[in-house]
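Asker: Have a look; sequence and predicted model below, questions after that.
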There are 2 protein chains.
Amino acid sequence: MTKKRAILKAATLLFATKGYNDTSMNEVARMTASASATIFYHFKNKEELYLAVLENVKDRILGDFSAYFSRKHFKTGLDMVEGIIDFYLYMAGILEDGFQLLHHYYTYRLAQENPVCRRHLEAVYDVLVSLLEEAIRKGQQDGSIVETPPRKGALIVLSTVDSVVRFNTYNLFDAGALYDDLTKSCRRMLESR
Amino acid sequence: MTKKRAILKAATLLFATKGYNDTSMNEVARMTASASATIFYHFKNKEELYLAVLENVKDRILGDFSAYFSRKHFKTGLDMVEGIIDFYLYMAGILEDGFQLLHHYYTYRLAQENPVCRRHLEAVYDVLVSLLEEAIRKGQQDGSIVETPPRKGALIVLSTVDSVVRFNTYNLFDAGALYDDLTKSCRRMLESR
DNA sequence: CCTTAAACTGACTGTCGAGTCAGTTTTTGG
DNA sequence: CCAAAAACTGACTCGACAGTCAGTTTAAGG
C-alpha cells in the first residue's frame, strides 16, 4: 500500500509541474523506483491515475477546511470572510501542487466529459463558495457586510483569491506580495459603511 | 499569404479548445484543407506555430486596448477603472480563444524557458496593469479612489476580472451572471468614502 | 511564353509513450 | 511450512504524431 501512495504523490508533483500530457508513466515509475507496469497494476490507466490524484487533493482540501471551520468561530461575518481567505492562502501554500492542478486547463476539459472529474472539481469549489456564502449571510445579519446577493459576493471573492494564488504560482509578477492587500481589498469590497 | 492566415486562425481555435498537446498538426492541416507539410513550410515547428498564435493574440489585444484608451476620456479615475473592466470583458467576448490561451498552464510553462513567449505574455498583462495603475493614480488625484498602492490595487482588480472570465469559459458555475456585480464590487473595493 | 521563385504536397521515417502479458517475487494467514 | 492471493516486473506491441524530403503546382514578371 505504501507504493501506491508513493506513486500518487509522485504523480501529483509531476502532473502539477509538467502538466498531464508532458508527464509520462515512465517518469512516474522512475521517480518511485518501480516499473511502469506497477503503476498500471494499481491504476487502470493514465486518466484513472489523474482522477485518483484529483480525488486525493479534493479530500485533503475538504477535510482541512471542514475541520478548521467547524471548530473556529468568528465575531462578525466579515471576520469570517477574512478567516476563509487567510486559510485558503495557507492551504495553497502547503498544498501547492494540488491547487496548481485545479488551475490546469486539462482538468476542466476532462471535467466536461468525465462526471467523476467534474464532481471532484465541484466539491472543492462548493465547499469554498458555501463557506464564503455563509460568512456573507452572517455578516449581513450582524451588520458587518453590505446587502448584496451572498452567492455572487462569494463567487467574486473566491475569484479574486483564486486568481492571486494562480498568478503567484505562475510568477508573472510578484503576486505573493499581494497577500496582505488581498484581505484588505476583499474587506473593502464587502464591508457595510 | 491567405493560407498562412487560415492556419493561424485554425491553430488558435484548436490550441484554445483542446490545448497544445491534444492538438495535432494533422488536425490543423485538415481544418485548413492543406497538407501538414504546408504548415511546416510556413512555421518551423509546432512550438513556433504556437508562438505565432500567441503573438497574434498579443497584437490584437494591445492594439485594441491602446486604440480605445488613447481616444476615450473619463471624468474620474474610478470611472476609468470601470471603463477598463468593461472593455476587458468586451474583449474577452470577441477574442475568446485568445484569452483562453492566456489561461493555459502550457503558456506559462513555455514562458519560463522561452523568452519570446514570456515577452508576449508580459506585454499583454503589462498593458492591462499599466492602464489600471494609471486609472488608480488619476482617481487618487481627483479624490474618487482611496489611497492605496496603485500597482497593487491594479493587480488585484486585474486578478478579479481575469478570474471571473476564466471561470466563465470553464463554466464551473454561471460566472457570466457576475459581469454586472463585478464592476460594482471593484468600485466598492477602490472608491474613497 | 518562359524562367524562376514561392507555395504546396504525398509519402515516408523515427521516436516516444500508453498499455499488455506472461511470469516472478513477496505477503498473508491457515 | 505451504498454498494462494497480492504485488511487482521486463520485455514487448502498437499507434500516434512531429518533422523531413524530393518533387509538383502555382504565381509573378520580364
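Answerer: It's in.

Asker: all contacts plus neighbour counts: C-alpha atoms, from now on.
Answerer: OK.

Asker: In terms of helices and strands, where is the residue most central in space within chain A?
Answerer: In chain A, the C-alpha nearest the mean C-alpha coordinate belongs to A:F99, at 4.4 Å (CA atoms, centre = their mean). Element membership of A:F99, judged by DSSP states H and E, is helix A:96-102.

Asker: give me every residue that touches the residue nearest to the centre of chain A.
Answerer: Going by CA atoms under 8 Å, 6 or more residues apart in numbering or on different chains, A:F99 touches A:A92.

Asker: C-terminal to the helix or strand where A:L110 lies, what's the next element?
Answerer: Using DSSP H and E, A:L110 sits within helix A:105-113. Along the chain past helix A:105-113, the next helix or strand (assigned with DSSP H and E) turns out to be helix A:115-142.

Asker: And chain B, is that following helix touching that?
Answerer: Yes. Helix A:115-142 is in contact with chain B by CA under 8 Å from any CA of the partner chain, via A:E122.

Asker: Tell me which other helices or strands the helix or strand following that helix touches.
Answerer: Sequence-wise, the next helix or strand downstream of helix A:115-142 (DSSP H and E) is helix A:150-170. Helices and strands touching helix A:150-170, by 3 or more CA pairs under 8 Å, 6 or more residues apart in numbering or on different chains; DSSP states H and E, are helix A:77-94, helix A:115-142, helix A:179-190, helix B:150-170, helix B:179-190.

Asker: Adding mean neighbour count, write these out as TSV.
Answerer: Shown next, in TSV, are the helices and strands packed on helix A:150-170 (neighbours: other CA atoms under 10 Å in any protein chain shown):
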stretch	mean neighbour count
helix A:77-94	19
helix A:115-142	19
helix A:179-190	19
helix B:150-170	22
helix B:179-190	19
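
Asker: Can you say which of the ones you listed is nearest to A:T2?
Answerer: When the helices and strands packed on helix A:150-170 are compared by CA to CA, helix A:77-94 sits nearest A:T2, at 21.5 Å.

Asker: which residues does A:A10 contact?
Answerer: Shown in contact with A:A10 (CA under 8 Å, 6+ apart): A:28, A:31-32.

Asker: now those residues: which count as buried?
Answerer: Buried residues within the contacts of A:A10, counting neighbours by 16 or more other CA atoms under 10 Å in any protein chain shown: A:28, A:32.

Asker: now the contacts of A:A10 in a markdown table, with secondary structure and pLDDT?
Answerer: Listed next are the contacts of A:A10 as a markdown table, based on DSSP: H, G, I helix; E, B strand; the rest coil; pLDDT from 0 to 100:
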| residue | secondary structure | pLDDT |
| --- | --- | --- |
| A:V28 | helix | 98 |
| A:M31 | helix | 96 |
| A:T32 | coil | 96 |
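
Asker: between the contacts of A:A10, which is nearest A:V127?
Answerer: A:V28 (30.7 Å).
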